[in-house]
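**Q** Task: produce atomic coordinates for the following.
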Amino acid sequence: MVNQGMQLVVSGYNPVLMQKGMKAAAKVVGEEIEKLAKPVEKGDLLDIATVSAGGNAQMGENIAKAFESVGDSGNVVIEESQILEDEVDVTEGMTLDRGYISPYFVTDAQRLVSELKKPRVLVTDQKLSDVYDIVGLLEDLLKSKVPLFIIADDVTGEALQTLVLNKQRGILDVVAIKAPAFGNRKTAILQDIAVATGAEFINSELGMTLADAKVDQLGSCERVVVEKEKAIVVSDGAQADAVAARIKQLEDEIEETTSSYDAEKLQERVAALGGGVAKIKVGGPTETEVNDKKLRYDDAMSAVRSAKEMGIVPGGGSVLLYLSQQQFIDKATKDLATEDEREGAELVFKSLAAPMRQIAGNAGEDPSEVLYQVRGKDFGFGYNAATRTFEDLMAAGVVDPAKVVINAVVNAASIAGMVLTTDAVVTDIPAPAAPAPAGMGGMGG
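**A** Okay, the predicted model is just below:
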């Protein structure tokens, strides 16, 4: 766009009006791609992930497995691993980034975890230091021999000693963790936990105290697994409707907020409530290989998220070449008042062949011949560089996220328009290169 646009500017066309036409064309292309996009189905995730991971089938399988495991509300993260092969670790339920307060709560010395089955759950923002604040609760739970999971601001002093002693003697199966996060976020997450477990949040801001807490204010869950640095709360399904309503509330808040930071934190809460977390553990023989794989995983995961958001279109540049037809040019230029604007719009449409041209060249083919074979054919027909054949790319699994293609066109048109309307650029003057050191005798220096 920039090269051909510069030629038009030199020929006397107005770059400001051209920029207006370029924006109009990019808008039409984006709208048409949205219309042509196909919603993502379960089997499409593998194709998207594999293509976006540079054709690596194993990486594609790992990404597809991770996203399918946690669902739409889940979270997929990447972390380095000491193993040589990549693997996917799926955590079911709500994950809290806090571990047990004391290692004496551990029930499995080999795995260093504490596990409770069908416990009652105490959720509070208060610090527990005096055991007499919860002695009534403990006595009631001892009668029914029900485990207790405590989430509090902190557990210290006599209260911690008593809980550990009861745990060690087998009198009461209990484990305590500190409340996740800080400040207002801590309160919000504690409210989420209360909803997920059916507990009543013992909130100091409302004047509630632990000393007044009753057993019927405790929540419940199927299982709790607490490690050194995290806790997993597996739901018993009793609060499914309440959790769904809470997720809807958080999603509404995401739509309304103008802060990207707040939106990110709200999305983390949605993920924690709704779908659990899948970790892709990346391994390899060298740090360089691991870092390269992490970057490809990042790209592929972004592509999958984009595809789930707006759908997919045939890849290989075929959808853009399809949209370079005259009918779409006419649609974009019909309301443009000047020739300069129309030239700017046509500049965008002429550039739509560039991706397929580049792909063909990279594959060692004659770009002009490839474009000739594809141009004017049905939507989805294109060149598959992996198999070196012309075919229905959607059926062959060669797909792109619609959002990625739209952003590529819109951003390219925006940047090209900005370059064409720029008269001068302020930049740093490069420092002069240091003279080469003199060579030793016989070295020609």
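**Q** Now Val90: which helix or strand?
**A** strand 87-91 (DSSP states H and E).
**Q** Now do the longest helix seen in the chain: distance to the chain's middle.
**A** Scanning the chain for the helix with the most residues, using DSSP state H, yields helix 287-310. Between the centre of helix 287-310 and the centre of its chain there are 10 Å (C-alpha atoms, centre = their mean, to the nearest Å).
**Q** can you check stretch 414-432 too?
**A** Counting by C-alpha atoms, centre = their mean, stretch 414-432 comes out at 33 Å from the chain centroid.
**Q** cool, stretch 213-227 as well?
**A** 30 Å.
**Q** got it, and stretch 363-370?
**A** 36 Å.
**Q** What residues sit buried inside that stretch?
**A** 365, 367, 370 (16 or more other C-beta atoms under 10 Å). In short, each C-beta sits where N, CA and C put it, glycine included.
**Q** List phi and psi for the first one.
**A** Spelled out, that is Glu365. Main-chain torsions, Glu365, degrees, to the nearest 10: phi -100, psi 160.
**Q** Same check on the one 3 residues further on?
**A** Reported as degrees, to the nearest 10, the phi and psi values for Ser368 are phi -60, psi -40.
**Q** Please apply the same query to Val135.
**A** According to degrees, to the nearest 10, Val135 has phi -60, psi -40.
**Q** Could you check how far it is from Phe149?
**A** Separation of Val135 from Phe149 (C-beta to C-beta, to the nearest Å): 18 Å.
**Q** Tell me which other helices or strands the strand holding Val90 touches.
**A** Judged by 3 or more C-beta pairs under 8 Å, 6 or more residues apart in numbering; DSSP states H and E, strand 87-91 is in contact with helix 57-70, strand 277-282.
**Q** Could you list the buried residues of the longest one?
**A** Read it as helix 57-70. 59-67, 69-70.
**Q** so where's the chain uncertain?
**A** Counting by pLDDT under 70, the chain shows low-confidence ranges at 72-75, 91-92, 275-277, 433-445.
**Q** re the thing from before, now do the strand holding Val90: distance to the chain's middle.
**A** The answer for strand 87-91 is 16 Å, by C-alpha atoms, centre = their mean.
**Q** Quick check: beta-bridge partners of the closest residue in space to Thr389 that isn't next to it in sequence?
**A** Nearest non-adjacent residue to Thr389, counting by C-beta to C-beta, 6 or more residues apart in numbering: Tyr383, 7.7 Å away. Counting by DSSP bridges, Tyr383 forms beta bridges with Phe390.
**Q** My read is that Tyr383 contacts Gln358, right?
**A** No. If you go by C-beta atoms under 8 Å, Tyr383 and Gln358 don't touch, sitting 11.5 Å apart.
**Q** how does this structure divide into domains?
**A** As given by automatic domain parsing, the domain ranges for the chain are 2-38+312-420, 44-92+276-310, 95-271.
**Q** partner strands of the strand holding Val90, parallel or antiparallel?
**A** strand 277-282 (antiparallel).
**Q** tell me the angle the strand it pairs with makes with helix 57-70.
**A** 160 degrees (axes from the mean of the first three to the mean of the last three C-alpha atoms, to 10 degrees).
**Q** who's in contact with strand 277-282?
**A** For strand 277-282, the external contacting residues (C-beta atoms under 8 Å, 6 or more residues apart in numbering) are 62-63, 65-67, 69-70, 74-81, 83, 86-91, 95, 271, 290, 293-294, 297.
**Q** cutoff 7 Å now
**A** 62-63, 66, 69-70, 74-81, 86-91, 95, 271, 290, 293-294, 297 (C-beta atoms under 7 Å, 6 or more residues apart in numbering).
**Q** Check stretch 136-154 too.
**A** Contacts of stretch 136-154 (C-beta under 7 Å, 6+ apart): 116-117, 119-128, 171-179, 190, 193, 213, 215, 224.
**Q** could I have it exported to PDB, CA atoms only?
**A** What follows is stretch 136-154, C-alpha atoms only, in PDB (Å, rounded to 0.1, in the frame of the first residue of the first chain):
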ATOM      1  CA  GLY A 136     -18.700 -23.500  68.600                       C
ATOM      2  CA  LEU A 137     -18.200 -24.400  65.000                       C
ATOM      3  CA  LEU A 138     -15.400 -26.900  65.800                       C
ATOM      4  CA  GLU A 139     -17.600 -28.700  68.400                       C
ATOM      5  CA  ASP A 140     -20.500 -29.000  65.900                       C
ATOM      6  CA  LEU A 141     -18.200 -30.400  63.200                       C
ATOM      7  CA  LEU A 142     -16.500 -32.800  65.600                       C
ATOM      8  CA  LYS A 143     -19.900 -34.300  66.300                       C
ATOM      9  CA  SER A 144     -20.600 -35.000  62.700                       C
ATOM     10  CA  LYS A 145     -16.900 -35.800  61.900                       C
ATOM     11  CA  VAL A 146     -17.000 -33.400  58.900                       C
ATOM     12  CA  PRO A 147     -13.800 -31.900  57.600                       C
ATOM     13  CA  LEU A 148     -13.300 -28.100  57.600                       C
ATOM     14  CA  PHE A 149     -11.700 -25.900  55.000                       C
ATOM     15  CA  ILE A 150     -10.900 -22.300  56.300                       C
ATOM     16  CA  ILE A 151     -10.200 -19.300  54.000                       C
ATOM     17  CA  ALA A 152      -9.400 -16.300  56.200                       C
ATOM     18  CA  ASP A 153      -7.300 -13.200  56.200                       C
ATOM     19  CA  ASP A 154      -4.800 -15.200  58.300                       C
END
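**Q** so how far is it off the chain centroid?
**A** The answer for stretch 136-154 is 37 Å, by C-alpha atoms, centre = their mean.
**Q** tell me which residues of it are tucked away?
**A** Result for stretch 136-154 [16+ other C-beta under 10 Å]: buried residues 137-138, 141, 146-152, 154.
**Q** Same question for stretch 90-101.
**A** Result for stretch 90-101 [16+ other C-beta under 10 Å]: buried residues 90-96, 98-101.
**Q** now for the helices and strands packed on strand 87-91, which one comes closest to Asp428?
**A** strand 277-282 (37.4 Å; C-beta to C-beta).
**Q** what is the orientation angle of that closest one with helix 287-310?
**A** 150 degrees.
**Q** re earlier: now the two most distant members of the buried residues of stretch 90-101.
**A** Largest pairwise distance in the buried residues of stretch 90-101, by C-beta to C-beta, is 26.7 Å, between Val90 and Ile101.
**Q** Output stretch 213-224 in CSV with nothing but the alpha carbons.
**A** In CSV, the C-alpha atoms belonging to stretch 213-224 read as follows (Å, rounded to 0.1, in the frame of the first residue of the first chain):
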residue,chain,number,x,y,z
ALA,A,213,-20.9,-17.8,62.9
LYS,A,214,-23.1,-20.9,62.7
VAL,A,215,-22.7,-24.2,60.9
ASP,A,216,-25.4,-23.3,58.5
GLN,A,217,-23.3,-20.4,57.3
LEU,A,218,-20.6,-22.7,56.1
GLY,A,219,-20.4,-23.8,52.5
SER,A,220,-19.5,-27.2,51.0
CYS,A,221,-17.8,-28.8,48.1
GLU,A,222,-16.9,-32.2,46.7
ARG,A,223,-13.1,-32.0,47.4
VAL,A,224,-10.3,-29.6,48.3
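**Q** Alright, that wraps it up for me.
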